[in-house]
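A.B. asks: my questions concern the predicted model and sequence given below.
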Amino acid sequence: MMKTVWSIYFVILAYYFMGTVGIYFINRKKEDMVKQEAWTKLLFAFIVTNIVFFSIGFNIIFFRILSVIIIIGGFFELFKLYRLSGYRHLKFFLLSVLILAVSSAGFFLFSLTDQGLILYSFLILSVFDGYSQITGQLFGKRKLFPKVSPHKTVEGLIGGTIIAVLSALVFRNLIQEKSLYAILLAAVIVVFAFAGDAVKSVYKRKYGVKNFSNLIPGNGGFLDRFDSLIATGAGITVAGLLFNL
């Protein structure tokens, strides 16, 4: 598995290189502060990706520990925003806690599954998340949910989805399945990754904040960074139970 992990890692570096080129063209004419924010976000996203990737690739026990840390951090941020709001919107908050609790349970069960499946899922959702932003900023014109998440565009969603689904063919050896299965699984991952990000955005807009916290420079907090991973893990768990994916 370690030989495969290192081979995949060089592919990830290629993805990041292409993304870096895209970010350069997006920000080359913008103000210095905007450029700095974009490069800070990319740098720390790369660091987080490495931490998660190697926690899965080296020893899956590390990822299981990391999943618990992510879950605890997520609940902490949820309660923190509720407290800072002056304990407003109690029913909405309780519903959010329930959604996070169910998703977290599914995410933790996901961390107990096959190492290859976990790594495959993480890579697909990372490609989707990263390239949705890049293609959206390069080509985006039509807002997807302007009141909830003003920076998301239809073009970004389409671009990220296409690149993520095609990436199924690059990473399919991790799950040792045929191309059609890998593409289908990638589509499932994209749906849940998008759903997780959308739910997070609704919660933040309800409480009028940009980020859950500033724990990860340029990337917000645990839920800002790992919302899609939690939702994807829960989604894969449910899909596995229902359809044996």
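C.D. replies: Received, thanks. Numbers count the residues shown, from 1 in each chain.

A.B. asks: show the pLDDT at Arg205.
C.D. replies: Arg205 is assigned 89 on the pLDDT scale.

A.B. asks: now do stretch 51-62, average pLDDT.
C.D. replies: Here the average pLDDT along stretch 51-62 is 94.

A.B. asks: please disregard the earlier target; I meant stretch 69-84.
C.D. replies: 94.

A.B. asks: and what of stretch 139-155?
C.D. replies: On average, stretch 139-155 scores 84.

A.B. asks: ends of that stretch, what's the gap?
C.D. replies: 6 Å (Cα to Cα, to the nearest Å).

A.B. asks: check stretch 144-156 too.
C.D. replies: OK, stretch 144-156 end separation, Cα to Cα: 9 Å.

A.B. asks: how far does that stretch sit from the chain's center?
C.D. replies: Mean-position distance between stretch 144-156 and its chain equals 16 Å (Cα atoms, centre = their mean, to the nearest Å).

A.B. asks: please apply the same query to stretch 70-88.
C.D. replies: Distance, stretch centre to chain centre, for stretch 70-88: 20 Å (Cα atoms, centre = their mean).

A.B. asks: flag every buried residue along it.
C.D. replies: 70-71, 73-78, 81-82 (16 or more other Cβ atoms under 10 Å). The C-beta positions use only the backbone N, C-alpha and C, and glycine is treated the same way.

A.B. asks: JSON lines for those residues, including secondary structure and distance to Pro217?
C.D. replies: Listed next are the buried residues of stretch 70-88 as JSON lines, based on DSSP: H, G, I helix; E, B strand; the rest coil; distance: Cβ to Cβ, whole Å:
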{"residue": "Ile70", "secondary structure": "helix", "distance to Pro217": "18"}
{"residue": "Ile71", "secondary structure": "helix", "distance to Pro217": "22"}
{"residue": "Gly73", "secondary structure": "helix", "distance to Pro217": "16"}
{"residue": "Gly74", "secondary structure": "helix", "distance to Pro217": "18"}
{"residue": "Phe75", "secondary structure": "helix", "distance to Pro217": "22"}
{"residue": "Phe76", "secondary structure": "helix", "distance to Pro217": "18"}
{"residue": "Glu77", "secondary structure": "helix", "distance to Pro217": "16"}
{"residue": "Leu78", "secondary structure": "helix", "distance to Pro217": "21"}
{"residue": "Leu81", "secondary structure": "helix", "distance to Pro217": "19"}
{"residue": "Tyr82", "secondary structure": "helix", "distance to Pro217": "24"}
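
A.B. asks: remind me, longest strand of this structure?
C.D. replies: For the chain, the strand with the greatest residue count under DSSP state E is strand 149-153.

A.B. asks: partners of it in the sheet?
C.D. replies: strand 143-145 (antiparallel) (DSSP bridges).

A.B. asks: got the buried residues for the partner strand?
C.D. replies: Quick answer for strand 143-145 (16+ other Cβ under 10 Å): 143-144.

A.B. asks: got the contact list for it?
C.D. replies: 150, 152-154, 156-157, 198, 201 (Cβ atoms under 8 Å, 6 or more residues apart in numbering).

A.B. asks: next, give me the two most distant ones among the residues you listed.
C.D. replies: Across the contacts of strand 143-145, the longest distance by Cβ to Cβ is 15.6 Å; it joins Val154 and Ser201.

A.B. asks: what about those two, which has more around it?
C.D. replies: For Val154 versus Ser201, neighbours defined as other Cβ atoms under 10 Å are more numerous around Ser201 (19 against 14).
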